[in-house]
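**Student:** turn this into a model:
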Amino acid sequence: TAGPTNTPTATPTTTNTPTITPTPTLALGSVWRTNVNNSAFTISWITSQVVTGSIRYGTSPGAVNTVVNDDRGAGVTDDTHYVTVQSLSPSTTYYFVLVSGGQTFDNGGVPYTVTTGAVPAQPSCPNGGDYTYGYANKQDASPASGAIISLTIQHGGLTSFPMSGIAGPSGIWSVDIGNA
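**Tutor:** Residues are numbered from 1 along each chain as shown. Model prediction:
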């Protein structure tokens, strides 16, 4: 007669496999050049995520080293970005790249460009700025803080260069149209 058979039994084991969540890709929306005059310009853009924003600029495509942060402050995070560069030379081409969320964005491998205007023979608004303003609200009527407002003025068949402003925490915005 045959005796009892020892059959080995399998012991289940558990393996802890870590879950890897991919980092979402930061996408860049349109880039706008507004408020261009003989000594300043504004660059604004939208990103797919809430991140910081700044630009690096210079007068040579190979030397975009001067950093200017978002008008709302260096540490501000948002999906809208609004940077004003001031104290520039007239009639000069400036090259710039965008920096959002630690990533640098250019214009297809080359920096973006903007050219300041010439010094006007006579200021179009000698008594100071002339402003238009309003409120930016979301569909639920809450303030649209960070909304970028862009406008042009048409008169006598001519259209001004685009001008812009950014809505503050209460949704109030203003745009200097004195030199349109």
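
**Student:** for I55, give the beta-bridge partners.
**Tutor:** Beta-bridge partners for I55, by DSSP bridges, are V68, L98.

**Student:** for the protein, longest strand please?
**Tutor:** If you go by DSSP state E, the chain has its longest strand at strand 41-51.

**Student:** what's in contact with that strand?
**Tutor:** Contacting residues not belonging to strand 41-51 are listed as 24-36, 53, 55, 77-85, 88, 94, 96, 98, 100-102, 112, 114, 116, 148, 150, 164, 166 [CB atoms under 8 Å, 6 or more residues apart in numbering]. Heads up, the C-betas are built off the backbone N, CA and C, glycines and all.

**Student:** which of those fall within strands?
**Tutor:** Among the contacts of strand 41-51, DSSP E puts 28-34, 53, 55, 78-85, 94, 96, 98, 100, 112, 114, 148, 150, 164, 166 in strands.

**Student:** give me the ChimeraX select line for these, limited to the buried ones.
**Tutor:** Buried residues within these, by 16 or more other CB atoms under 10 Å, are selected in ChimeraX with:
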select :31,32,33,34,53,55,78,80,81,82,83,84,85,94,96,98,100,112,114,148,164,166
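
**Student:** got the angle for the longest strand of the chain vs strand 28-34?
**Tutor:** With axes from the mean of the first three to the mean of the last three CA atoms, to 10 degrees defining the directions, strand 41-51 sits at 160 degrees from strand 28-34.

**Student:** now strand 41-51: buried residues?
**Tutor:** Across strand 41-51, burial judged by 16+ other CB under 10 Å covers 41-47, 51.

**Student:** give me the angle between it and strand 93-100.
**Tutor:** Between strand 41-51 and strand 93-100, the angle comes out at 10 degrees (the same axes, to 10 degrees).
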